[in-house]
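Asks: Have a look at this fold, sequence not included:
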RNA sequence: GGCUUCUUGGUCAAGUGGUUAAGACGUCGCCCUCUCACGGCGAAGACAGGAGUUCGACUCUCCUAGAAGCUACCA
C-alpha cells in the first residue's frame, strides 16, 4: 500500500504534463438540457472502413430512440486501435447512414467549430488529454498503478492459473505490479521499460450483483475483480476506459451495444463507480444471425464469411433503402409490423419505438421476409418514384444497359404501371429490387441482350409452330383486349383446345388443353417467359412490329 | 475448460399462473371468366427435455441439453 503522499508522487511521475483536473472537464461538458423522455444515444464504430448490416441494425435502434422524444444521436469514432484505421472511413459511415435516411445530430463529420459539437472532440485519439486527466486522478487516489509485466511474464501467469484451474487474468496475487513500493515503480520507470496503466480493482471474486439491462431485465453478474488495462503502453486508452470517460462526458444516457459487451459490463460498472460517474442505462442487443448449413444451427453473421452482411451486397442488387429499413424495424421492435400494417400511410418515424420491445435472442436474417416487405412497400410507390429509384441504381451499376432502359421514359413508365398494377383494382406486388425488376422486364429491351427463350414451351414444337403462325395471320393491332382474347379462344377451338378453362377442368380428357395453353405459347414466344402480366397490354407497349419480330424469332428457333 | 446470456411452428414473434397458445413470412390446397401477381377461403405446423412448487405452468424454481457471446495492451 502506498501512502497518499506516495500516490501523488507516482501520479506526478506518470503524468507530468497533465495540468487539468477532472472538475475542469466536468464543467466544460455540463449535463445536457433534455426534454422529459429524451435520450442521448450514439453510434461508435471503429474506423475500419466497413459498415455492415449489424452496424445499421443497431444504429437504427439508437437513432429511433434518440429522435423519438427529441434526444440526441451522435457519432463518435473509436480509433484507439491504430491497426484498424482506414482513410475516409468517417465519410463512409455518414454516407451509408444517410442512404438509409439516418442523420446524426452531432459528432464526427461536422466541422470542429460547429456549434452543435459542444461535447467534442469525437475522435478518441484526440481525447488523450482528457483520459490522462482522469487516469492521473485514479493514480492519485490509489485506484490505478503502472504495470511493467512483459508478454512472457503474463503468459507464465496464465499457464499457472490454467494448471490450478483458477480464473485467468491479472488480479490479486497474480497482479505482478499491484503492490509494489514507490521505489520499485520509479526504478522500473527509469529503466525505460514499457508499461501500461492498470485499474487497482476493488471488486471481490465470487461476489455478484444485479445489473439492470433495458432489454434483458435484471441480470445477476459477477463483480469485476480484474486489474484491467486502462491505458495501453502508447498511452491510448482501452475501449473500457474510453467508454467510461466518453459516454459520461458526452452525457450519453442510454448505451445500446452488442451483446458481446455484456461480460464486460461489470468492469464498466466498477469504472464508473471509481471515477465517480453516474451509470448510464444499458441495452445489450442480440445479433443478427444466419443459418449455418454446415453445423445446421444459428450463428452470428460474420463479415468474412457472409457477403449478405455487407451493405454493398444489397445496394448492388438494388434493394430500396426504405424497404431495408422497414425490414430491420420489424426485426428490431416486435410490434412494429403490426403498427405499420395498421397505419400504412403514416411515416415510419412516427412509430413509438421502445427498447423494451427489442428481442432478447438473435434473429435469423430471413430473405423471404425481406422480399415480402420489398414487394409490399414498392407496390405503394408511384411509378415515378420507382422510375427515379431505378434510374439512380442503373446509372451506378448498369450504365451500359441503362442507355436502352431509359431511352424512352414513357415506355418504361408504361411498363412499370403494368407491372405495378397502377390503375387496376389492386396493385400487383411483383417488384422486389432493381436487378430483379430489370430481369422481369428485360424482354422489352432486346438491345440489352434479352432476346427471350428463358422458359421452354410445354407443347410440342409442331403444334406451337402452327398455332403461332395462325395467331400471326389473324392478328390485328387495333383489336381491343376482349376481341384479341376472343381470337385466342377461336384459335384454341381450331386446334382442339378448350376455349373455356372451367369447362376444360371438368373434362380434361376431351381436349389437348385449354385456351391458357394457347396463351402460353404466345406469351413465351413474345416474352420468353411463362409468367407475365396481361399479354395484350404487353403487346401494346412493345408495339406490333416488335411482337411480330419476337414471334418470328421464336418460330425460327423451333425449326 | 471457466463464466454469462438465450431457447414458443421452417423463420420473425405475441404471451408475464387458468387462452381453443395470436399474428406475419414461407409451404400446401381450393376460388378468382389466359399464365403470373394481387385478393379471398382453408390446411399442416410450436411452448428444447426432465424434475419440482401449485388446485392449475409456456409463464415460478432446480437440473440436463443445445445455441450464442466473453475469457487481449481488439473493439
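Replies: Here it is on my side, so go on. Fair warning: this is a prediction, and the values are worked out from it, not measured in the lab.

Asks: Check which helices and strands whichever strand or helix holds residue A:139 sits against.
Replies: Assigned by DSSP states H and E, residue A:139 falls within helix A:128-140. Applying 3 or more Cβ pairs under 8 Å, 6 or more residues apart in numbering; DSSP states H and E, one finds that helix A:128-140 contacts helix A:4-14, helix A:22-28, strand A:144-147, strand A:196-199, strand A:229-231, helix A:239-249, helix A:265-275. C-betas here are computed from N, CA, C, even on glycine.

Asks: That helix and RNA strand B, any residue contact?
Replies: No. Using Cβ under 7 Å from any atom of the strand, we find that helix A:128-140 stays clear of RNA strand B, coming within 11.6 Å at best.

Asks: returning to what we had before: who wins for proximity to residue A:207 among the helices and strands packed on helix A:128-140?
Replies: Closest of the helices and strands packed on helix A:128-140 to residue A:207 is helix A:265-275, at 10.0 Å (criterion: Cβ to Cβ).

Asks: measure stretch A:523-534 end to end?
Replies: Counting by Cα to Cα, to the nearest Å, you get 9 Å between the two ends of stretch A:523-534.

Asks: For it, which outside residues touch it?
Replies: Residues from elsewhere that reach stretch A:523-534 (Cβ atoms under 8 Å, 6 or more residues apart in numbering): A:418-419, A:421, A:428, A:430, A:443, A:450-457, A:464, A:468, A:481, A:520, A:535, A:538-539, A:542, A:547, A:550-551, A:554-555.

Asks: and the next element down the chain from the least confident helix or strand in chain A by mean pLDDT?
Replies: Lowest by mean pLDDT, DSSP states H and E among the helices and strands of chain A is strand A:297-300, with a mean of 62. Using DSSP H and E, the helix or strand that follows strand A:297-300 in sequence is helix A:311-317.

Asks: so where's chain A uncertain?
Replies: Along chain A, segments meeting pLDDT under 70 span A:84-85, A:290-305, A:452-453.

Asks: Would you agree residue A:458 is in contact with residue A:517?
Replies: Yes. With contacts counted by Cβ atoms under 8 Å, residue A:458 reaches residue A:517, the gap being 7.3 Å.

Asks: what about those two, which has more around it?
Replies: More crowded of residue A:458 and residue A:517, by other Cβ atoms under 10 Å: residue A:517, with 22 against 12.

Asks: Contacts only, for that one.
Replies: A:458-459, A:492, A:497.

Asks: Please tell me which one of those residues counts the most neighbours.
Replies: Busiest of the contacts of residue A:517 [other Cβ under 10 Å] is residue A:492, holding 25 neighbours.

Asks: quick one: contacts for that one?
Replies: Going by Cβ under 8 Å, 6+ apart, residue A:492 touches A:498-499, A:514-515, A:517-518.

Asks: quick one: residue A:559 from RNA strand B, how far?
Replies: Distance from residue A:559 to RNA strand B, counting by Cβ to the nearest atom of the strand, to the nearest Å: 25 Å.

Asks: tally of neighbours for that residue?
Replies: Residue A:559 - counted by other Cβ under 10 Å - has 6 other residues nearby.

Asks: do you know how far it is from residue A:6?
Replies: Computed as Cβ to Cβ, to the nearest Å, the residue A:559 to residue A:6 distance reads 100 Å.

Asks: cool, residue A:465 as well?
Replies: Per Cβ to Cβ, residue A:465 is found 102 Å from residue A:6.

Asks: what's in contact with stretch A:474-482?
Replies: For stretch A:474-482, the external contacting residues (Cβ under 8 Å, 6+ apart) are A:487, A:490-491, A:534, A:536-537, A:540, A:544, A:548.

Asks: Out of those, which sit inside helices?
Replies: A:487, A:490-491, A:536-537, A:540, A:544, A:548 (DSSP state H).
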